[in-house]
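A.B. asks: the amino acid sequence is not available; the structure is as follows:
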């Protein structure tokens, strides 16, 4: 009986050890699998952030080129024209031309300062999302083609650098689409900070579009890309629009 009991004990311990080993191995492999998934997610996020940085830089340089051509170049051309047409024999008119030239040069210097700020677009985490948006809107306002309204409420926020970077890229792309397609004259941006999230809305009074049709053409791919970008920072991106009634884009960034 003692030998039988010893055998039973040995078998029982062996089975327990086998089950325990199997259990530990299963936990180890599950951990490694989850670790690989997390690594892939981190790699995807880093790639998306890098791509966003590159696109922000490209869009910033495009804006700078447009600003140099449309505003600064025009202001300097007018200043040069004023100087070339000064009538030295008429002191009053000469003074008027000189004053106009001074005003144009002062305006040009302001525009150049604005451009230098916009070149910091890739350093969103340093200047903050709100200031980066203001710099972007100032460039649009300087064209004289848009009435701009930018408001914020409950200014405390908890954006991470990644959220600020990707959010700015989405906002920048939305503004670019408005300029390119909407034929709008008004752009309204509102940032509302809440306890669990921040909601950024961009509204224009443009010609709008049919959402269903958009999903079927190439522009729909751009919308899907922005939605996918939003998911990377725990956010939702939604567009509401209809023909001749403008467009409203909402970016809801969740905290935690």
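C.D. replies: Yep, that arrived. Keep in mind it's a predicted model, so treat the numbers as computed, not measured.

A.B. asks: could you say which helix or strand holds residue 245?
C.D. replies: Residue 245 is part of no helix or strand when elements are defined by DSSP states H and E.

A.B. asks: that one touches residue 208, doesn't it?
C.D. replies: Yes: contact criterion Cβ atoms under 8 Å: residue 245 and residue 208 qualify, at 5.0 Å. All C-beta spots, glycine's among them, are computed from the backbone N, C-alpha and C.

A.B. asks: of those two, which one has the most company?
C.D. replies: In terms of neighbours (other Cβ atoms under 10 Å), residue 208 is the more surrounded of residue 245 and residue 208; the figures are 20 against 13.

A.B. asks: isn't there a strand covering that one?
C.D. replies: No: going by DSSP: H, G, I helix; E, B strand; the rest coil, the assignment for residue 208 is coil, not a strand.

A.B. asks: that one touches residue 240, doesn't it?
C.D. replies: No: with contact defined as Cβ under 8 Å, residue 208 does not reach residue 240; the gap is 9.5 Å.

A.B. asks: what residues are shared contacts of the two?
C.D. replies: residue 247 (Cβ atoms under 8 Å, 6 or more residues apart in numbering).

A.B. asks: for stretch 179-188, measure first residue to last.
C.D. replies: Start-to-end span of stretch 179-188 (Cα to Cα, to the nearest Å) is 13 Å.

A.B. asks: so which bits of that stretch are buried?
C.D. replies: 179, 182, 184, 187, 188 (16 or more other Cβ atoms under 10 Å).

A.B. asks: can you redo the residues you listed as JSON lines with pLDDT, distance to residue 229 and secondary structure?
C.D. replies: JSON lines is the format used below for the buried residues of stretch 179-188 (pLDDT from 0 to 100; distance: Cβ to Cβ, whole Å; DSSP: H, G, I helix; E, B strand; the rest coil):
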{"residue": "179", "pLDDT": "88", "distance to residue 229": "20", "secondary structure": "helix"}
{"residue": "182", "pLDDT": "93", "distance to residue 229": "21", "secondary structure": "helix"}
{"residue": "184", "pLDDT": "95", "distance to residue 229": "23", "secondary structure": "coil"}
{"residue": "187", "pLDDT": "97", "distance to residue 229": "21", "secondary structure": "strand"}
{"residue": "188", "pLDDT": "97", "distance to residue 229": "22", "secondary structure": "strand"}
